[in-house]
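K.L.:
how would this look folded up:
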Amino acid sequence: ATQRQKHQTATTMKQSLSATLITLLLSSNGTNAFTSQPSLVRKQQQRMNGRTNMVAPMPELMEPLNGISSLLLSDDAMVPTYSKASYYTTLGVYIMSFPGIYSQIKRSTVAKTKRKTYVTPGEQATSGGQDLRQTAGEIMAYMKANNYEVVEAGEVITFRGLVQKSTSQAFFLTFCTALGMASLALVLQIQFIDIKLPLGLNWFYLVLLSPYAGLYYWRSGDRVDDIKVKLASNEGDTENEITIEGNDDELDRMWRAMNWSEKGMVRIAGALE
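P.N.:
As a prediction, the model looks like this:
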């Protein structure tokens with residue numbers, strides 16, 4: 001049925017093109033190549049008398065015009081010129097990367113744990129130094145201010161707190177999922193263009209699934225977060241080492257608030273500091 005429709009469309013376009021060109025030639029001022037055959041022109045004009053919606057083409061003119069229109073409207077001219085190997089390679093790469101959306105949603109409810117070591121001036125430092133007791137007191141005050149409680153005290157101090165769910169995080173997950181579903185729908189629309197979905201639906205209705213990503217994150221509720229801290233100093237007490245294991249986001253906020261420097265790295269002040 002599709003091939004028959006293509007053939008009928010091509011035939012209609014061919015006839016329309018031929019009729020238009022003949023009309024233009026007949027309406028010219030007599031300086032074209034067809035003025036050498038006035039009898040043919042008169043015959044054609046006589047045939048057109050009384051017809052408003054149809055032009056009867058002359059066989060002498062139709063032959064070259066048919067050749068031109070056949071070349072323009074042939075099936076070979078409508079064959080796509082893209083590389084199928086390139087298309088399917090791109091499609092395969094997209095399919096392999098699409099599960100990243102699922103991974104992003106799953107990891108949103110789990111803390112990303114890291115272990116880092118920071119340094120501060122020690123008790124015997126030339127300026128601004130503190131002993132381990134003072135450093136521990138500052139850490140304790142910071143954790144208390146952020147609703148963390150001490151659950152284990154020893155060589156390693158363990159703090160436990162409750163991380164509340166974030167509305168902005170839920171909206172962010174919904175937005176990312178909507179973009180992913182829209183791109184998937186575009187791929188499916190191109191790949192399965194002949195498939196008709198029931199009830200007049202199309203593949204872009206997949207975008208309506210995106211709010212479930214934010215709903216999944218929100219239903220997971222608040223998260224319990226543990227942070228472990230270990231303090232040590234060098235032999236000359238000129239430098240204190242603070243080893244922290246916990247949520248990466250909380251570690252980043254903590255070292256900035258406490259003005260620490262990561263061990264082995266030089267801190268460069270930002271433009272707003």
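K.L.:
Quick check: which ranges of the stretch 51-200 of the chain have low pLDDT?
P.N.:
51-83 (pLDDT under 70).
K.L.:
what about 80?
P.N.:
Low-confidence segments of the stretch 51-200 of the chain (pLDDT under 80): 51-98, 111, 124-129, 191-195, 199-200.
K.L.:
Would you map the helices across it?
P.N.:
Using DSSP state H, counting those that start in this stretch, the helices of the stretch 51-200 of the chain run over residues 59-73, 84-97, 99-107, 132-145, 167-191.
K.L.:
could the ones you listed go into JSON lines alongside mean neighbour count and distance to residue 123?
P.N.:
From N, CA and C alone the C-beta is placed, and that goes for glycine too. Formatted as JSON lines, those follow (neighbours: other CB atoms under 10 Å; distance: least, CB to CB, whole Å):
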{"stretch": "helix 59-73", "mean neighbour count": "14", "distance to residue 123": "89"}
{"stretch": "helix 84-97", "mean neighbour count": "11", "distance to residue 123": "52"}
{"stretch": "helix 99-107", "mean neighbour count": "13", "distance to residue 123": "41"}
{"stretch": "helix 132-145", "mean neighbour count": "15", "distance to residue 123": "8"}
{"stretch": "helix 167-191", "mean neighbour count": "16", "distance to residue 123": "41"}
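K.L.:
what's the closest of the ones you listed to residue 116?
P.N.:
Comparing those against residue 116 with CB to CB, the closest turns out to be helix 132-145 (14.0 Å).
K.L.:
Who are the packing partners of that closest one?
P.N.:
Here helix 132-145 touches strand 156-163, strand 223-233, strand 239-247, helix 248-258, going by 3 or more CB pairs under 8 Å, 6 or more residues apart in numbering; DSSP states H and E.
K.L.:
sorry, back to before: in a markdown table, list the helices of the stretch 51-200 of the chain along with distance to residue 120.
P.N.:
Formatted as a markdown table, the helices of the stretch 51-200 of the chain follow (distance: least, CB to CB, whole Å):
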| stretch | distance to residue 120 |
| --- | --- |
| helix 59-73 | 78 |
| helix 84-97 | 42 |
| helix 99-107 | 32 |
| helix 132-145 | 6 |
| helix 167-191 | 32 |
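K.L.:
Would you tell me which of those helices gets closest to residue 257?
P.N.:
Per CB to CB, nearest to residue 257 of the helices of the stretch 51-200 of the chain: helix 132-145, 6.5 Å.
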